[in-house]
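Q: model the structure of this input:
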Amino acid sequence: MNYQFLSRTALFCGIQPEEMKTMLSCLTAETQTYEKGEMIYRAGDAAASLGVVLEGKVLIEHDDIWGNTTVLDSALPGQIFAETYACTPGEPLMVNVEAAEESQILFLNVSRVLRSCTHACAFHGKLIRNLLALSAQKNLNLSRKIFHTASKSIRGRLTAYLSDQAVRSGSSSFTIPFNRQQLADYLNVDRSALSAELGKMQREGLLRVKKNLFEIMRKSNG
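A: Prediction:
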């Protein structure tokens, strides 16, 4: 177990590497390795433990009734998954969690994380605060996406997303973290239709685009 690596993750922030072994033992943490394509959790499962990716990559996916799979999110080394379900005992997962490549996962039973042990270990409070902060950030990201995709039109979704990016960067010129396909997937629109709308907005003088660099053009008062 790489305790130095774990101490640098958001979940274990503030917990020293030398405390890690004792902490994981107290929490009865377990590690498991999954092959590429192997399911970690399936929709309908009730998850008692959150997962921390130690190595590899996992995908969070949704399968519709016709068998179409949509990738909703991913988790890389140091990131967590299934924490919301683990904090809601008995709530069945609405998604599948699959190993995108050979992956090693550390599982923490959330009931043990949230309940202070008889030894009153100092790390419990830090771990709970970190878990709360991570959950709050994920909820904010979800709320932000709902706002960005609320409009029925592609232009409306682009306007909401790009306006938010400009505000968050503090500049009318900014770089987004998506390529065209990823942006289309994020906004839940067709890539060709998205590219066509971006072209129209450029011709109308509303913005300038070069790959993932965007510049919002201010409307003149004249």
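Q: any weak-confidence spans in this structure?
A: Within the chain, the stretches falling below the threshold (pLDDT under 70) are 116-121, 219-222.
Q: and the helices in it?
A: 3-7, 17-26, 83-86, 110-114, 123-148, 154-169, 180-187, 191-203 (DSSP state H).
Q: okay, the ones you listed, which one's buried deepest?
A: helix 83-86 (a mean of 21; mean count of other C-beta atoms under 10 Å). Any C-beta I mention is one placed from the backbone N, CA and C, and that applies to glycine too.
Q: how far away from the center of its chain is that helix?
A: Relative to its parent chain, helix 83-86 has a centroid offset of 13 Å by C-alpha atoms, centre = their mean, to the nearest Å.
Q: tabulate the helices of the chain (CSV), appending distance to residue 42.
A: Formatted as CSV, the helices of the chain follow (distance: least, C-beta to C-beta, whole Å):
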stretch, distance to residue 42
helix 3-7, 27
helix 17-26, 26
helix 83-86, 12
helix 110-114, 19
helix 123-148, 21
helix 154-169, 31
helix 180-187, 23
helix 191-203, 30
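Q: among the ones you listed, which comes closest to residue 95?
A: Closest approach to residue 95 among the helices of the chain (C-beta to C-beta): helix 83-86, 9.0 Å.
Q: tell me which strands and helices the closest one is in contact with?
A: strand 49-55, helix 123-148 (3 or more C-beta pairs under 8 Å, 6 or more residues apart in numbering; DSSP states H and E).
Q: between the ones you listed, which gets nearest to residue 27?
A: helix 123-148 (8.3 Å).
Q: distance between the closest one and the chain's centre?
A: Using C-alpha atoms, centre = their mean, the offset of helix 123-148 from its chain centre is 10 Å.
Q: ditto for stretch 14-25
A: On C-alpha atoms, centre = their mean, the centre of stretch 14-25 falls 25 Å from that of its chain.
Q: and for stretch 37-55?
A: 15 Å.
Q: find the nearest non-adjacent residue to the most centrally placed residue in the chain, please.
A: Compute the mean C-alpha point of the chain, and by C-alpha atoms, centre = their mean the closest residue is residue 73, 5.7 Å away. Nearest non-adjacent residue to residue 73, counting by C-beta to C-beta, 6 or more residues apart in numbering: residue 60, 4.3 Å away.
Q: can you check residue 79 too?
A: Nearest to residue 79 is residue 53, by C-beta to C-beta, 6+ apart, at 5.6 Å.
Q: likewise for residue 184?
A: In space, residue 184 is closest to residue 191, 4.1 Å off (C-beta to C-beta, 6+ apart).
Q: what's the spacing between that neighbour and residue 197?
A: 11 Å (C-beta to C-beta, to the nearest Å).
Q: if we can go back for a sec, wait, isn't the residue nearest to residue 184 in contact with residue 178?
A: No: in this structure, residue 191 is not within contact of residue 178 by C-beta atoms under 8 Å, at 11.3 Å.
Q: so what's residue 106 bridging to?
A: residue 31, residue 52 (DSSP bridges).
Q: ok, it - contacts?
A: 6, 24, 29-31, 51-52, 54 (C-beta atoms under 8 Å, 6 or more residues apart in numbering).
Q: at 7 Å what do you get?
A: 29, 31, 52, 54 (C-beta atoms under 7 Å, 6 or more residues apart in numbering).
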